[in-house]
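**Q** Would you be able to build a 3D model of this:
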Amino acid sequence: MDMEGATTSSCFPQPHMERKMSAMTCEIFNELRLEGKLCDVVIKVNGFEFSAHKNILCSCSSYFRALFTSGWNNTEKKVYNIPGVSPDMMKLIIEYAYTRTVPITPDNVEKLLAAADQFNIMGIVRGCCEFLKSKLCLDNCIGICKLTDYYYCPELRQKAYMFILHNFEEMMKVSAEFLELSVTELRDIIEKDELNVKQEDAVFEAILKWISHDPQNRKQYISVLLPKVGGFDGINRLRSAEAYSPVANTWRTIPTMFNPRSNFGIEVVDDLLFVVGGFNGFTTTFNVECYDEKTEEWYDAHDMGIYRSALSCCVVPGLANVGEYTACREHLPGLAQRDEVKHSASTSTLPV
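**A** Take a look at the predicted model:
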């Protein structure tokens with residue numbers, strides 16, 4: 001997560017849910033701590049020792065409250081070894097317990113958020129989230145969004161995700177983090193209704209850029225990602241189709257589909273490319289057709305029994321009722337006939 005150039009720091013006070021202390025009380029107890037007077041606990045982190053008062057730590061952290069009052073610990077115990085945190089972060093945590101303010105900077109925000117989450121100090125968690133919201137940009141929005149996978153920060157996650165959607169076209173051109181998205185993460189982004197792009201070409205460009213970053217491992221996902229773009233020119237749903245060669249990095253026009261559609265599902269079975277459901281500009285559809293690259297022609301497949309759009313498809317091998325699926329559209333003049341015509345009863349009730 002890149003926040004290069006962001007050098008400011010912020011101090012965030014406690015939220016209402018933490019137990020408040022008057023400014024005078026905070027000042028007095030902090031002076032006692034710094035002087036080492038009336039301290040009844042020593043927090044040890046990697047050989048560093050921090051003297052403190054149990055009541056003060058308990059007042060801002062349920063972690064310390066449970067630690068000091070647990071039946072597993074003797075109430076007279078004074079020294080506690082705390083794992084999983086650095087001395088620098090523990091120093092900030094203890095200072096926050098006494099002053100209810102904490103300096104947050106681009107250099108410490110991630111470690112501080114992790115420490116605050118560990119000790120369940122919601123004031124610091126909120127402060128870190130507000131700081132990260134204020135630093136959202138094209139370079140770091142994906143990293144900030146991914147950070148919320150590890151910590152409960154729903155408002156920050158929503159803010160970062162909407163930033164990605166609203167600035168997708170610009171973000172994918174400059175963000176190194178974009179190239180490291182998983183196929184699931186990229187698919188989820190480009191299928192959102194809130195995705196802000198001037199033309200569908202921008203989404204095609206983003207998909208190709210992502211695939212080109214690791215073509216050997218990512219070209220297999222073309223059939224997963226391209227249907228999310230849909231055949232839509234901004235006015236009409238389209239019948240036209242193009243095929244992409246990841247080896248040559250080129251597109252070529254192929255015969256048009258029978259039905260205009262966008263937001264369809266797509267999958268390959270026995271070297272046939274199936275296009276399933278979608279939206280035709282007026283209604284969600286249930287029809288299915290498939291393309292044979294060998295004959296360079298489209299064929300009807302057995303229609304689904306349920307209207308579906310913006311769907312995903314997968315191949316499930318080994319099911320006894322899935323195996324025969326295609327059927328020629330014999331009544332269309334000029335359509336070549338296949339030597340073998342198949343159909344599937346399974347697609348009448350289930351997605352392909």
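
**Q** remind me which residues of the stretch 151-300 of the chain are low pLDDT?
**A** For the stretch 151-300 of the chain, the stretches with pLDDT under 70 are 200, 227-235, 246.

**Q** residue boundaries of the helices in it?
**A** Assignment of helices within the stretch 151-300 of the chain using DSSP state H, counting those that start in this stretch yields the ranges 154-166, 168-174, 183-190, 201-213, 215-218, 222-225.

**Q** can you redo those as TSV with distance to Cys26 and mean neighbour count?
**A** Yep, even glycine has a C-beta here, placed from its N, CA and C like the rest. Shown next, in TSV, are the helices of the stretch 151-300 of the chain (distance: least, CB to CB, whole Å; neighbours: other CB atoms under 10 Å):
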stretch	distance to Cys26	mean neighbour count
helix 154-166	28	18
helix 168-174	42	18
helix 183-190	43	17
helix 201-213	51	18
helix 215-218	54	12
helix 222-225	54	18
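
**Q** Could you say which one of those comes nearest to Ser240?
**A** Judged by CB to CB, the one of those that comes nearest to Ser240 is helix 201-213, at 13.6 Å.

**Q** Figure out which of the helices of the stretch 151-300 of the chain is closest to Val125.
**A** helix 154-166 (9.5 Å).

**Q** Was I right to think Ala115 contacts Met90?
**A** Yes. When contacts are counted by CB atoms under 8 Å, Ala115 is listed as touching Met90 (7.3 Å).

**Q** More neighbours: which of those two?
**A** A side-by-side neighbour count of Ala115 and Met90, using other CB atoms under 10 Å, places Ala115 first with 23 against 19.

**Q** and the more buried one, that one's in a helix?
**A** Yes. Membership of Ala115 in a helix is supported by DSSP: H, G, I helix; E, B strand; the rest coil.

**Q** nearest spatial neighbour of it, skipping sequence neighbours?
**A** Once flanking residues are discounted, Ala115 sits nearest to Met89: 4.1 Å by CB to CB, 6 or more residues apart in numbering.

**Q** Look at the one you found and give its secondary structure.
**A** Met89 is classified as helix under three-state DSSP.

**Q** looking at it, it is touching Phe119, isn't it?
**A** No. Met89 lies out of contact with Phe119 (CB under 8 Å); the separation is 9.5 Å.

**Q** out of those two, which sits in the more crowded spot?
**A** For Met89 against Phe119, the residue with the higher neighbour count under other CB under 10 Å is Phe119, and the figures read 24 against 21.

**Q** List the contacts of the more buried one.
**A** Ser61, Tyr63, Phe64, Val85, Ile93 (CB atoms under 8 Å, 6 or more residues apart in numbering).

**Q** Regarding Glu49, what is its secondary structure?
**A** Three-state call for Glu49 (three-state DSSP): strand.

**Q** who are the neighbours in contact with it?
**A** Val42, Ile43.

**Q** Show me what it is bridged to.
**A** Lys44 (DSSP bridges).

**Q** Look at it and report its pLDDT.
**A** On pLDDT, Glu49 comes in at 95.

**Q** mind giving me JSON lines with the helices of the stretch 151-300 of the chain and columns for distance to Leu273?
**A** Shown next, in JSON lines, are the helices of the stretch 151-300 of the chain (distance: least, CB to CB, whole Å):
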{"stretch": "helix 154-166", "distance to Leu273": "29"}
{"stretch": "helix 168-174", "distance to Leu273": "26"}
{"stretch": "helix 183-190", "distance to Leu273": "18"}
{"stretch": "helix 201-213", "distance to Leu273": "17"}
{"stretch": "helix 215-218", "distance to Leu273": "18"}
{"stretch": "helix 222-225", "distance to Leu273": "8"}
